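Student: quick check, what structure comes out for this input:
(2 chains)
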Amino acid sequence: MIDLGSLSDAFALLGSSFTPWMFVVPGLVIGLVFGCVPGLQTSMAMAVFLPATLTMDFLSAMLFLTAIFTGGQFGGGVSAILMNIPGTSSAVATTFDGYPMARQGRHNEALGVALIASTVGTFFGYTALLVLIGPLSKVVLKLGPTEMFVVILWGLTLIATLRGRYLGRSLLAGTIGLLIGTIGMSPNGVLRGTLGNDHLIDGVPVIPAMIGMFAASELFTVGRGAYLVEGDVNARKVSLRRIFAGVKLGLSTPMILLRGGLIGTLVGAVPGVGSSVANLVSYSETRRRAKNPETFGKGDPRGVAASESANSSSEGGSMVSLFALGLPGGAGTAILLAAFNMHNITGGPRFLREHSDVVYAVILANLAQAVLLLIVGLILIRVLSAIVKVPLRYLVPIVLSMSAFGAYGLTGTMAGPVTLLVFAMLGWALRRYEYSIPGAVIGLLLGRMAEGELLRSYQISGGHLDYLLTRPVTFLLLVILLASLFLPMILEQRKRSRGGDGGPPRNASPVTSDKSA
Amino acid sequence: MQQQRTERPDWGHALLVLFFAGLTAFYLHDAWQASGRVRNLILILPASILSFILCAVVMVGIIRHRGSEPDAAGPEPGAPFLERYKPAVTMAVFGLYVFSLPTLGFDGGTAVFMAAMLALDGVRNPLMLIGLPVAFAGAVTLMFEWLLPYPMPLLIL
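Tutor: Next up is the predicted model:
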């Protein structure tokens, strides 16, 4: 599967000059900072620094931009943990357990888990890319709308999984989110629910809405305490020892990291779906397989590990379509494609065949980047996590106004800040009556995607369900989805009927029971 | 949090559910008016039906006195007005901030918003009350102005 000749050339290419390596650490730092600041996106950082790559050779440019990509994926997790703001849609699932951990004073551990999960995820994704770029590109070409719809459906099942205390309220929040997600121009060219507002033609701006529901709504109520992390000074300490403990904690969940890596790589390779769904599917699967799923959503480090490993490995997955097909799978890879064009390079099978040494060199450099992320991350986390030491009376207005700046930055119009405000108020109401905010956000995030793929499936099949029989991959994915939904329940039922204890130990540590998760 | 049964339905919650039902009805009507074809309603119709059913189920729960007590976000009796209604006050100030941005700009609006929030929180030190908002608003505005490819509404910078 690996072309050893090209691999050897790639090593030679990377070892011949130190120049490309000089851009890796600055790239990681830029990505981390952009990922951390609410409203600034990794793709925005890549776009801002794209012109700077004009003077670089192709390999240096790719290393610099992919370093921003890698740093940004982790940076999104930092703001998700410390501020409940998923900087990108790929860090949504990180907020579910990362923020509760931070509020319990376990921010150091949460960041450590996120860092190691991101490192392992990036490493896994690029290793898979190195070994499987050929076969994966063939699989990606065979994926149609029905397969993509099943993958999205998988993400949507998380609405029921994250139900909290009330299943009905959680499903209602998810359904309302799903409906809001479809507002605007339909994939079929019909305009709906815009109230004549031109800003809604492309739909509700999802990321400002997400920031509003997750973060701003939380800040309306959190302002009652003195600090984000309650308790004495020790609780708010930024401790390298505890960050290392988090790294160790993450490493004690190898199956979760590997599963997240696998899901991230596979889902990330699907153009248009990518990391937005990968983190949700990984989180959902980890929670479903856990012996004590009730600890999820309340500060379970396994949730952070599952989400971060998947969103980081999806970067490697997304490179499949870029290198092998010349197609961008998301905003980040679209910027990389622009870098291809700037250097007069066209991605696709021919590029893969004729420049496999460069492709391998980029992959190998990214494997090294994963290790560098661990070092850079450890150094910067100490600075970034100082946010927990800022009194809430200062933090709340700072984060709220940064969110408004970010929302404007994402849309380029006042529609962003207004969306932020509307969804912050909606989020507050949902919080007050114990509706699932993650459920609403997942619906909002996946509604448009789901409708597009469902419509294309309907158009291709002509509305005949037997079409599914001609799509073995769809069929297989459906079987896996149904099995992952119902098999744990059936096994649990069987265990109970055989007289086993059935239930999870009430006070089990989330980590001690991890290996079976 | 231990679930407590209320003596009477939680009308605030009922209002929220009615809002969801109304939103669903409006959107379904609007989508149907735009095009009643399967292609347009393929997801909206089933999702709307599910939404109506769920609204009905939750509403029945509320009417049967199953509404939960307002959580920690609810006002604490006996506390000063600002403390009791802090979420509402914060929301109102944030709303004013957002809607003032086209007039005051991001630089002016942010400085005023921060100063107002700090004043509401009892900060009286002039350096923190005026210096911090002005410095923060200036620095962040300049950073975003540099990064964004489009103009921002500004008052001074």
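
Student: what helix or strand is the nearest residue to A:Leu111 once chain neighbours are set aside on?
Tutor: Nearest residue to A:Leu111 in three dimensions, chain neighbours excluded: A:Ile381, at 5.1 Å (CB to CB, 6 or more residues apart in numbering or on different chains). Just so you know, the C-beta spots here come from the backbone N, C-alpha and C atoms, and that holds for glycine as well. Secondary structure assignment for A:Ile381, by DSSP states H and E: helix A:356-384.

Student: what's the spacing between that helix and its chain's center?
Tutor: Helix A:356-384 sits 18 Å away from the centroid of its parent chain (CA atoms, centre = their mean, to the nearest Å).

Student: now swap in stretch B:84-97 and tell me
Tutor: 9 Å.

Student: quick check: next helix or strand after the helix holding A:Ile381?
Tutor: Next in line after helix A:356-384, if elements are assigned by DSSP H and E, sits helix A:392-411.

Student: say whether chain B is contacted by that next one.
Tutor: Yes. Counting by CB under 8 Å from any CB of the partner chain, chain B has neighbours in helix A:392-411: A:Arg393, A:Tyr394, A:Val396, A:Pro397, A:Ile398, A:Leu400, A:Ser401, A:Met402, A:Ala404, A:Phe405, A:Tyr408, A:Gly409.

Student: highest neighbour count among those residues?
Tutor: A:Ala404 (30 neighbours; other CB atoms under 10 Å in any protein chain shown).

Student: skip the chain neighbours and tell me the closest residue to it.
Tutor: A:Pro417 (4.6 Å).

Student: from A:Met148, how far off is A:Lys220?
Tutor: For the record, residue A:220 is Phe, not Lys. From A:Phe220 over to A:Met148 the distance is 37 Å, taken as CB to CB, to the nearest Å.

Student: residues near the residue nearest to A:Leu111, how many?
Tutor: 24.

Student: can you check B:Asn125 too?
Tutor: 10.

Student: so which residues on the stretch 251-400 of chain A come close to chain B?
Tutor: So the stretch 251-400 of chain A meets chain B at A:Arg393, A:Tyr394, A:Val396, A:Pro397, A:Ile398, A:Leu400 (CB under 8 Å from any CB).

Student: now do the contacts for the fourth one.
Tutor: I take that to be A:Pro397. B:Phe113, B:Met114, B:Met117, B:Leu118, B:Pro133 (CB atoms under 8 Å, 6 or more residues apart in numbering or on different chains).

Student: local confidence estimate at it?
Tutor: The model reports A:Pro397 with a pLDDT of 91.

Student: report how many residues lie close to residue 146.
Tutor: Here I'm looking at chain A. Neighbour number of A:Thr146 under other CB under 10 Å is 23.

Student: actually, chain B is the one I wanted.
Tutor: Counted with other CB under 10 Å, B:Trp146 comes out at 8.

Student: ditto for A:Leu392
Tutor: The tally of other residues near A:Leu392 (other CB under 10 Å) stands at 18.

Student: same question, A:Phe123
Tutor: Neighbours of A:Phe123 (other CB under 10 Å): 24.

Student: by mean pLDDT, which helix or strand of chain B comes out lowest?
Tutor: helix B:81-84 (a mean of 73; mean pLDDT, DSSP states H and E).

Student: chain center to it: distance?
Tutor: Counting by CA atoms, centre = their mean, helix B:81-84 comes out at 18 Å from the chain centroid.

Student: likewise stretch B:30-43?
Tutor: A distance of 30 Å separates the C-alpha centroid of stretch B:30-43 from that of its chain, computed with CA atoms, centre = their mean.

Student: list the buried residues in it.
Tutor: By neighbour count on 16 or more other CB atoms under 10 Å in any protein chain shown, the buried set for stretch B:30-43 is B:Asp30, B:Ala31, B:Trp32, B:Ala34, B:Ser35, B:Asn40, B:Leu41, B:Ile42, B:Leu43.

Student: from those residues, which single one is nearest A:Gly27?
Tutor: B:Leu43 (39.6 Å; CB to CB).

Student: the closest residue to that closest one other than its chain neighbours and A:Val190, how far apart?
Tutor: Excluding the flanking residues, the one nearest B:Leu43 by CB to CB, 6+ apart is A:Glu451, at 4.3 Å. For A:Glu451, the distance to A:Val190 (CB to CB) stands at 11 Å.

Student: neighbour count winner among the two?
Tutor: Comparing A:Glu451 with A:Val190 by other CB under 10 Å, the one with more neighbours is A:Glu451, at 23 against 15.

Student: how near is the spatially most central residue of chain B to B:Pro133?
Tutor: Nearest to the mean C-alpha position of chain B, counting by CA atoms, centre = their mean, stands B:Met91 at 6.5 Å. Per CB to CB, B:Met91 is found 19 Å from B:Pro133.

Student: ditto for B:Gly109
Tutor: 11 Å.

Student: those two - which one has more neighbours?
Tutor: Taking other CB under 10 Å, B:Gly109 and B:Pro133 do not tie; B:Gly109 has more neighbours (26 against 23).

Student: quick one: residues contacting A:Met56.
Tutor: Taking CB under 8 Å, 6+ apart, one finds A:Phe23, A:Phe64 in contact with A:Met56.

Student: go with 10 Å
Tutor: Applying CB atoms under 10 Å, 6 or more residues apart in numbering or on different chains, we find A:Met56 in contact with A:Thr19, A:Pro20, A:Met22, A:Phe23, A:Met62, A:Leu63, A:Phe64, A:Leu65, A:Ala339, A:Met342, A:His343.

Student: equivalent analysis for A:Val396, please.
Tutor: A:216, A:218-220, A:222-223, A:228, A:390, B:90, B:94, B:114, B:117-118, B:121.

Student: which parts of chain B are helices?
Tutor: Here chain B has its helices, by DSSP state H, at B:11-34, B:38-41, B:44-61, B:81-84, B:86-120, B:126, B:132-147.

Student: in TSV, list the ones you listed along with distance to A:Ser313.
Tutor: Compiled in TSV, the helices of chain B are given as follows (distance: least, CB to CB, whole Å):
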stretch	distance to A:Ser313
helix B:11-34	37
helix B:38-41	36
helix B:44-61	31
helix B:81-84	46
helix B:86-120	37
helix B:126	51
helix B:132-147	28
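
Student: can you give me the buried ones in the helix holding A:Ile381?
Tutor: Across helix A:356-384, burial judged by 16+ other CB under 10 Å covers A:356-367, A:369-370, A:372-374, A:376-378, A:380-381, A:384.

Student: please apply the same query to stretch A:408-426.
Tutor: Here stretch A:408-426 shows A:408-411, A:414-426 as buried, counting by 16+ other CB under 10 Å.

Student: could you check how far A:Gly332 is from A:Ile398?
Tutor: Distance of A:Gly332 to A:Ile398, computed by CB to CB: 27 Å.
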